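Undergrad: generate coordinates for the sequence data below:
(one chain, ligands or ions: 1)
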Amino acid sequence: MDDEDDAPPMLVSADGTDAVDASLSGEMEDMNVTKVPISIITGYLGAGKSTLLNYILTARHGKKIAVILNEFGNTTSLEQKPLTVSSADSSLATEWLDLANGCICCSVKDAGVNALESLMARRGAFDYILLETTGLADPGNIAPVFWVDEGLGSSIYLDGIVAVVDAGGLGRELDEPVGEEAVEHEGHGGKALSVAHLQISHADVVIVNKADLVSEAQLAAVVARVRAINSLASVRVTTRGRVDALEGSVLDLHAYDRVRREDLDFAAKGHSHLDKAIGTATVRFGVLGEGGMGALDAWLRRVLWESKVPGFEGAVGWEVHRAKGRVRLEGGRVKMLQGVREIFELIDGVDVDGGSGEEEQGGRIVFIGRNISGETAEAFQKSLDTALAGV
Ligand SMILES: Nc1nc2c(ncn2[C@@H]2O[C@H](COP(=O)(O)OP(=O)(O)OP(=O)(O)O)[C@@H](O)[C@H]2O)c(=O)[nH]1
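TA: Numbering: from 1, shown residues only. Got it, this is the predicted structure:
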């Protein structure tokens, strides 16, 4: 939070003094203030999503929150037509409830982006949006709609994805998915992938809920399993969704517009092999010049857009769910990489870390996804080394 990466740009007057034109600063404020954060709450059936939402809505946070309970479970139609999901009855979008803590809650039991657009027409009435998905939703299909869509992107920004898991039931959901729960059967030498895997691998925060129903040892095992699946996410243990501090732990994560060094540190320290279906690969590289940056960008396109590891075409059966990284450029500039599935973005950052630590002598990218471990992870590194050699 106190990372200088996140500081708003300073306004400096044309004559070089620090004075800032008041009207200009007012305008800039207006532009910034109107962007509303949206957090996506996913989680398996009955894991405690509604309980967490109720807790958030009644907690003290001084925010006016709009809640959308939606039917994004049908991800296929959303994927095909992200902006034309129709709302059956737009009148449902205006049911406002006053909550005891001054929070205004608008519950939209509706199906998609149109609901959000009609919600945004009431801009000013709320300053945060929580979207609760159905238990079977795949967040990898939903996140890009809010993250990169131009129309919505100008009024909303994706703050983070929160996955709620049931401490007692998670093992079975991961290991023995049945029916719709099993999204991918074994193949390419990998393990079956469940909806629970997908929800955890895409999450920025995982809430391990129903802690009261398991022993300390079971709880520790579940937390370790979650960390093995997603070493980039932070993990919070709760009973009835009662998270200690909401801001920074569930709300206001800024998980898509910043990448702090410590975000990558944990993932880079190696990962346990408690889960066979989802793995982590960390690639490292030196400080890049312009040519190197171009080569990295081209390599990322091959990997993320075409699902190919250049030079290692035999490496198949893997898929990237989440990618985060920091690239150090000559001259002290930093670029931050954010990726969900095939979509990625390289955002300008500031080199606040100064490259002091050993880890930060160059750049790092962490990939999380299906069958990404061992040989595939090695192939990623060797392939990138070749791509960057001699540039
Ligand atoms: N013992 C215990 N029960 C919990 C906890 N959290 C939620 N529950 C109960 O578990 C049940 C399911 O919780 P919900 O919050 O409705 O779960 P959900 O994920 O919204 O469920 P769906 O919308 O059906 O997917 C409810 O009966 C809750 O009261 C917890 O930490 N401990």
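
Undergrad: what about Pro139, neighbour count?
TA: Using other CB atoms under 10 Å, Pro139 has 27 neighbouring residues. C-beta here means a position set from N, CA and C on the backbone, and glycine is covered the same way.

Undergrad: oops, could you answer that again for Val334 instead?
TA: For Val334, the neighbour count with other CB under 10 Å is 21.

Undergrad: after whichever strand or helix holds it, which helix or strand is next?
TA: Counting by DSSP states H and E, the element that carries Val334 is strand 333-340. Remark: after strand 333-340, the chain's next helix or strand is strand 343-350, criterion DSSP H and E.

Undergrad: let's see the following helix or strand past that following strand as CSV, backbone CA atoms only.
TA: Tracing the chain past strand 343-350, the next element assigned as helix or strand by DSSP H and E is strand 363-370. The C-alpha coordinates for strand 363-370 follow below in CSV (Å, rounded to 0.1, in the frame of the first residue of the first chain):
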residue,chain,number,x,y,z
GLY,A,363,13.2,-9.5,-14.0
ARG,A,364,10.9,-12.3,-13.0
ILE,A,365,7.7,-13.7,-14.3
VAL,A,366,5.5,-16.2,-12.4
PHE,A,367,3.1,-18.4,-14.4
ILE,A,368,0.4,-20.4,-12.7
GLY,A,369,-1.6,-22.9,-14.5
ARG,A,370,-2.5,-26.4,-15.5
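
Undergrad: neighbouring strands - and their directions - for strand 363-370?
TA: The pairing partners recorded for strand 363-370 under DSSP bridges are strand 278-285 (antiparallel), strand 319-328 (antiparallel).

Undergrad: so which of those is the most packed in?
TA: Between the strands paired with strand 363-370, strand 319-328 has the highest mean count of neighbours, a mean of 24, where neighbours are mean count of other CB atoms under 10 Å.

Undergrad: mean confidence (pLDDT) on that one, please.
TA: Mean pLDDT, computed over strand 319-328, is 92.

Undergrad: in the stretch 251-391 of the chain, what residue comes closest to the ligand?
TA: Relative to the ligand, the nearest point of the stretch 251-391 of the chain is Leu251 (17.8 Å; CB to the nearest ligand atom).

Undergrad: picking up where we left off before, report the angle between the strand holding Val334 and strand 319-328.
TA: 170 degrees (axes from the mean of the first three to the mean of the last three CA atoms, to 10 degrees).

Undergrad: and strand 333-340, what does it pack onto?
TA: Strand 333-340 is packed against helix 139-147, helix 290-300, strand 319-328, strand 343-350, with contacts defined by 3 or more CB pairs under 8 Å, 6 or more residues apart in numbering; DSSP states H and E.

Undergrad: and that strand, what's buried?
TA: Burial within strand 333-340, assessed by neighbour count using 16 or more other CB atoms under 10 Å, is assigned to Val334, Lys335, Met336, Leu337, Gln338, Gly339, Val340.

Undergrad: next, the contact list for the fourth one, please.
TA: Looking back up the chat, that one is Leu337. When the contact criterion is CB atoms under 8 Å, 6 or more residues apart in numbering, the partners of Leu337 are Val259, Leu300, Ala323, Lys324, Gly325, Arg326, Val327, Phe344, Glu345, Leu346, Ile347, Ile365.

Undergrad: how about the second one, what does it touch?
TA: Counting by CB under 8 Å, 6+ apart, Leu300 touches Leu337, Gly339, Phe344.

Undergrad: and the first one, by the same measure?
TA: Applying CB under 8 Å, 6+ apart to Val259 gives the contacts Lys324, Gly325, Arg326, Met336, Leu337, Gln338, Gly349.

Undergrad: go again with 7 Å.
TA: Neighbouring residues of Val259 by CB atoms under 7 Å, 6 or more residues apart in numbering: Lys324, Gly325, Arg326, Met336, Leu337, Gln338.

Undergrad: could I get these as a markdown table with distance to Val283?
TA: Written out in a markdown table, the entries for these read as follows (distance: CB to CB, whole Å):
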| residue | distance to Val283 |
| --- | --- |
| Lys324 | 12 |
| Gly325 | 8 |
| Arg326 | 12 |
| Met336 | 15 |
| Leu337 | 11 |
| Gln338 | 16 |
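
Undergrad: which two in those residues are spaced the farthest apart?
TA: Pairwise distances across the contacts of Val259 peak at 10.7 Å for Arg326 and Gln338 (criterion: CB to CB).

Undergrad: tell me which residues in the helix or strand Val222 falls within are buried?
TA: When secondary structure is defined using DSSP H and E, the element that contains Val222 is helix 216-229. Within helix 216-229, the residues scored as buried using 16+ other CB under 10 Å are Leu219, Ala221, Val222, Val223, Arg225, Val226, Arg227, Ala228, Ile229.

Undergrad: can it be found next to the ligand?
TA: No - if you take CB under 6 Å from any ligand atom as the test, helix 216-229 misses the ligand, and the best it gets is 11.7 Å.

Undergrad: if anything else comes up later, I'll come back, but that's it for now.
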